[in-house]
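In: Return atomic coordinates for the entry below.
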Amino acid sequence: MPFHAMPMGSAPGGGVVHISHTFGAFAAILVDGSVVTWGDSQSGADSSAVAALLTEGVVQVVATDGAFAAMKANGSVVTWGSGGRGGDSSAVAALLTEGVVQVCGNCGTFVARLSNGSVVTWGSSHFGGDSSAVAQHLTEGVVQVCGTNTACAALMIDGSVVTWGDDAAGGDSSGVALLLREGVIELFSNYKDFVALKADGSVVFWGDAGFWSHEGDIISVTGSGGAFAAIRQNGCVLTWGDDAEGGDSSEVAALLTEGVVHICGIEQAFAAIKADGSVALGDSKTWVAIPQQLLLF
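Out: Numbers count the residues shown, from 1 in each chain. Reported below is the predicted structural model:
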């Protein structure tokens with residue numbers, strides 16, 4: 001495995017403010033807006049081809065499995081790494097010189113949202129890099145882009161949703177199309193499924209696990225690898241999905257009936273922060289309640 005390391009002395013800007021990673025490499029944004037990369041050269045660690053563009057002004061770095069995309073303060077985007085995973089953006093380079101306000105990456109595709117509400121995609125066509133089938137819907141009015149591992153979704157200013165990419169991982173939303181025509185205020189995802197939160201507190205779900213909707217008073221949703229956790233207006237939590245990845249919260253249900261203000265998800269578990277400062281965390285096998293007085297770190 002070719003390995004590329006950036007000498008410590010080459011980072012004069014000092015402190016790291018953010019780190020992103022592919023399967024085999026890391027990219028760090030320093031406080032001066034420059035980028036440092038290291039790891040497997042074939043997975044994005046070798047940024048020498050674009051080094052001159054990464055010395056200042058970088059405000060965000062996102063990754064696919066094998067490539068990075070850096071968004072700069074001037075609204076341009078710089079890419080490097082595996083060409084088939086989005087490292088080669090030459091086909092859309094003219095569209096990435098200014099005006100980019102958000103970049104989203106999945107396993108093999110990048111999606112850039114521009115200030116004029118349009119969307120630019122590149123990378124693996126199977127994962128959403130080819131958005132030609134829905135291109136007519138993505139020329140204006142996009143306010144959020146979101147991805148599963150292999151599909152993409154765009155929230156429009158009118159509250160509708162457009163999807164593309166791998167049908168089995170959320171690219172096909174036909175089963176809930178009528179529910180996605182209006183009223184959506186935010187999109188969420190895990191590895192293979194999307195959730196749309198609507199203004200009335202209901203959620204719409206589609207992807208690998210099928211299609212369904214839930215009426216209620218939900219205010220936020222968080223994804224793990226294969227499950228979701230939602231906070232309701234009264235502070236209780238609703239979970240669903242793969243039991244082994246946080247979908248089954250029965251062991252800690254008594255702790256999730258009220259007072260939850262934030263949920264964080266990792267691949268196989270969730271942690272819920274409550275208003276009193278306590279935390280309930282775990283997966284399908286082990287749940288732990290951490291009282292407030294232990295949260296001093």
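In: Quick check: closest non-adjacent residue to D130.
Out: Nearest non-adjacent residue to D130, counting by C-beta to C-beta, 6 or more residues apart in numbering: T121, 7.1 Å away. Glycine gets a C-beta too; all of them are placed from N, C-alpha and C.
In: can you check I266 too?
Out: S224 (6.3 Å).
In: Show me where the stretch 1-150 of the chain has its strands.
Out: Applying DSSP state E, counting those that start in this stretch to the stretch 1-150 of the chain gives strands spanning 3-4, 16-21, 25-30, 35-40, 58-63, 67-72, 77-81, 100-105, 109-114, 119-123, 142-147.
In: Give me the pLDDT value at the residue nearest to D130.
Out: Among the per-residue scores, T121 shows a pLDDT of 99.
In: Any chance you could give me stretch 228-245 in CSV, C-alpha atoms only?
Out: Only the C-alpha atoms of stretch 228-245 are listed here, as CSV (Å, rounded to 0.1, in the frame of the first residue of the first chain):
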residue,chain,number,x,y,z
PHE,A,228,-32.8,5.9,13.1
ALA,A,229,-33.6,7.6,16.3
ALA,A,230,-36.1,10.5,16.5
ILE,A,231,-36.9,13.0,19.2
ARG,A,232,-40.5,13.9,19.7
GLN,A,233,-41.8,17.3,21.0
ASN,A,234,-42.2,15.9,24.5
GLY,A,235,-38.6,14.8,24.7
CYS,A,236,-39.2,11.0,24.3
VAL,A,237,-37.4,8.9,21.7
LEU,A,238,-38.6,6.7,18.9
THR,A,239,-36.2,4.2,17.3
TRP,A,240,-36.4,1.9,14.3
GLY,A,241,-34.3,-0.1,11.9
ASP,A,242,-31.6,-2.7,12.4
ASP,A,243,-31.7,-3.9,16.1
ALA,A,244,-28.0,-4.5,16.1
GLU,A,245,-27.3,-0.9,15.1
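In: right, and N116 touches G99 too?
Out: Yes - if you go by C-beta atoms under 8 Å, N116 and G99 touch, sitting 6.4 Å apart.
In: Compare those two (neighbour count), which wins?
Out: G99 (17 against 11; other C-beta atoms under 10 Å).
In: Which neighbouring residues are in contact with that one, exactly?
Out: G75, L114, S115, N116 (C-beta atoms under 8 Å, 6 or more residues apart in numbering).
In: Format these as TSV; extra columns: distance to V143 and pLDDT.
Out: Converted to TSV, those look like this (distance: C-beta to C-beta, whole Å; pLDDT from 0 to 100):
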residue	distance to V143	pLDDT
G75	17	98
L114	11	99
S115	11	98
N116	12	98
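In: Now distance to M156 too, for these, in CSV please.
Out: Listed next are the contacts of G99 as CSV, based on distance: C-beta to C-beta, whole Å:
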residue, distance to M156
G75, 21
L114, 14
S115, 15
N116, 14
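In: which one among the residues you listed gets closest to G129?
Out: L114 (16.8 Å; C-beta to C-beta).
In: Now do that closest one: how many residues are near it, please.
Out: For L114, using other C-beta under 10 Å, the count is 18.
In: measure the nearest residue to it once chain neighbours are set aside to S76 for me?
Out: Closest residue to L114 apart from its sequence neighbours, by C-beta to C-beta, 6+ apart: G99 at 4.5 Å. From G99 across to S76, the span is 9 Å (C-beta to C-beta, to the nearest Å).
In: just I218 next, same as before
Out: For I218, the distance to S76 - C-beta to C-beta - is 37 Å.
In: Show me the helices in this protein, by range?
Out: Counting by DSSP state H, the chain yields no residue ranges for helices.
In: how does it divide up, domain by domain?
Out: Following automatic domain parsing, one finds the domains of the chain at 3-217, 218-297.
In: I'm done for today, thanks for sticking with me.
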